[in-house]
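Visitor: task: produce atomic coordinates for the following.
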Amino acid sequence: MLIDTPILVYSKERSTDSSLQRHCPSIEQNIESNDMSCIRKQFIDRGISTKTASIMLCSWRKSTKKQYKVFVKKWFSYCRERKISEVQISINIVLDYLTILYENGLGYSSINTARSALSALGLVIDNVLVGAHPLVVRFMKGVYNLRPTKSKNICVWDVSLVLNYLRKLSPVNMLTLQEVTLKLVMLIALTNATRVQTLKFLSVDCMEKLRDEFVFHLDVLLKQSRPGYKNPDVKLRAFPPDRRLCVYTVLKEYIKRTEILRVHTKQLLISYIKPHKAVTCSTISRWIKVVLQKSGIDTRQFSAHSVRSAATSKAKLYNVSLADIMSKAGWTNVNTFATFYNKRIINSNSFDVNVLNN
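Guide: Numbers count the residues shown, from 1 in each chain. Sure, this is the predicted structure:
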């Protein structure tokens, strides 16, 4: 994805190039210690206040900065080795840099991130952000045709495998805290097609208990958050047809068990091991993978994030409307579901077994 608003705008005619080199004699060193420090310096040198510069730098999410940092360092190394300016550049230099990345075995997605990183630096050629330059766009189309992006998995595991395992974890009041925790996390992930990040941000302070459901309001910045977008509530409804899979019942038990343990945090999910602190996204992902493994699913092939694909694909199979699926998962573009999440469900039984089982 290209950045719409550049941080710095340079062109061959601008005199700020020498200013950049004068104030940042070791740009790569600054990038390595703080990937945005040199850009912050330039904002301030252009008369922008420190507070305003800090706000502008927050236009990038932490994950985006982490991705860009790798390719910004590669760009400065490329320029240093050839003893050329990092900002007074030509389109040929940019294309050569991207070609080297391609020859080093990088795929379309990685090279596209490198292109976005250059745009994030505000590099401009022919009055166009470098990433949007017609020749760069043409180059990227060539990369895609030669080395197209392939989906990691064209199919997804059958939800029924996990449901069969979760049914065995009953009755809920006889389970250990670890078992209750694992069952709750997986049921929330399945019934709401939530990201692990969303699970982490569930808070008892933002929880509303109704007659047959719990509702969690999310007033935090999520991956899909943007101006004008309201995070969908996480609703955990009772499921009378099968109490063994009732997330409402499991949550009630979990809250009762953890109420006295949740001392210094309002986060819903806490560790089942002393001192019972609030857990991170990586811990929640590990919990989900434990359930997948116990359900007989190959976690070398499927990650915790595959729950979103499995849940939404099964919903589509059972004719849940696309609008409902997108609303539940927090998508606004139908192509997101069609391209990345709507997958063929692996049938655990072979043809002959299905025939013999009638």
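Visitor: for E179, see how far away R286 is.
Guide: Distance of R286 to E179, computed by C-beta to C-beta, to the nearest Å: 15 Å. Just so you know, the C-beta spots here come from the backbone N, C-alpha and C atoms, and that holds for glycine as well.
Visitor: all helices for the stretch 151-300 of the chain, in order.
Guide: 159-168, 177-192, 196-200, 247-258, 281-294 (DSSP state H, counting those that start in this stretch).
Visitor: so which of those helices is nearest F139?
Guide: Of all the helices of the stretch 151-300 of the chain, helix 196-200 sits nearest to F139, with 33.7 Å by C-beta to C-beta.
Visitor: report the buried residues of that closest one.
Guide: Residues of helix 196-200 classed as buried by neighbour count (16 or more other C-beta atoms under 10 Å): 196, 198-200.
Visitor: and which of the residues you listed is nearest L292?
Guide: V196 (13.1 Å).
Visitor: surely E253 meets T181?
Guide: No. Counting by C-beta atoms under 8 Å, E253 does not reach T181; the two are 10.4 Å apart.
Visitor: can you give me the strands in the stretch 1-150 of the chain?
Guide: Using DSSP state E, counting those that start in this stretch, the strands of the stretch 1-150 of the chain run over 124-125, 128-129.
Visitor: could you say which of those is packed most deeply?
Guide: Most buried of these by mean neighbour count (mean count of other C-beta atoms under 10 Å) is strand 124-125; its value is a mean of 21.
Visitor: if I look at V185, how far off is S63?
Guide: Distance, V185 to S63, by C-beta to C-beta: 22 Å.
Visitor: which of the two has more neighbours?
Guide: Comparing V185 with S63 by other C-beta atoms under 10 Å, the one with more neighbours is V185, at 27 against 9.
Visitor: nearest residue to the more buried one other than its sequence neighbours?
Guide: Leaving aside its sequence neighbours, V185 sits nearest to W287 (C-beta to C-beta, 6 or more residues apart in numbering; 5.1 Å).
Visitor: do the same with T191
Guide: Of all residues not flanking T191 in the chain, V247 sits nearest, at 5.6 Å (C-beta to C-beta, 6+ apart).
Visitor: you'd agree that neighbour is up against M186?
Guide: No. In this structure, V247 is not within contact of M186 by C-beta under 8 Å, at 9.3 Å.
Visitor: distance of A278 relative to R80?
Guide: 43 Å.
Visitor: no wait, R237
Guide: 58 Å.
Visitor: about what we covered before: who has more neighbours, E253 and T181?
Guide: A direct count of neighbours by other C-beta under 10 Å for E253 and T181 places T181 higher, at 22 against 17.
Visitor: quick one on the thing from earlier: how many other residues sit next to the residue nearest to T191?
Guide: Neighbours of V247 (other C-beta under 10 Å): 25.
Visitor: contact partners for it?
Guide: V247 makes contacts with 184, 187-188, 191, 236-237, 239, as judged by C-beta atoms under 8 Å, 6 or more residues apart in numbering.
Visitor: ok, now G107?
Guide: 147, 149.
Visitor: and it, how far is that from E86?
Guide: G107 sits 25 Å away from E86, going by C-beta to C-beta.
Visitor: what of L95?
Guide: 16 Å.
Visitor: let me know how buried Y78 is, in neighbour terms.
Guide: 16.
Visitor: so it sits against I100, correct?
Guide: Yes. The criterion here is C-beta under 8 Å, and Y78 meets it with I100 at 7.0 Å.
Visitor: against which helices or strands is the top helix by length along the chain packed?
Guide: Counting by DSSP state H, the longest helix found in the chain is helix 62-81. Applying 3 or more C-beta pairs under 8 Å, 6 or more residues apart in numbering; DSSP states H and E, we find helix 62-81 packed against helix 27-33, helix 91-103, helix 108-120.
Visitor: try it again with 6 Å
Guide: helix 27-33, helix 108-120 (3 or more C-beta pairs under 6 Å, 6 or more residues apart in numbering; DSSP states H and E).
Visitor: A278 and R80 - which one has more neighbours?
Guide: Ranked by neighbour count (other C-beta under 10 Å), A278 and R80 place A278 first, with 16 against 12.
Visitor: that older thread, would you single out the least confident of the strands of the stretch 1-150 of the chain?
Guide: Looking at the strands of the stretch 1-150 of the chain, the lowest mean pLDDT belongs to strand 124-125 (a mean of 86).
Visitor: list the helices and strands that strand packs on?
Guide: So strand 124-125, by 3+ C-beta pairs under 6 Å, 6+ apart, packs with no helix or strand.
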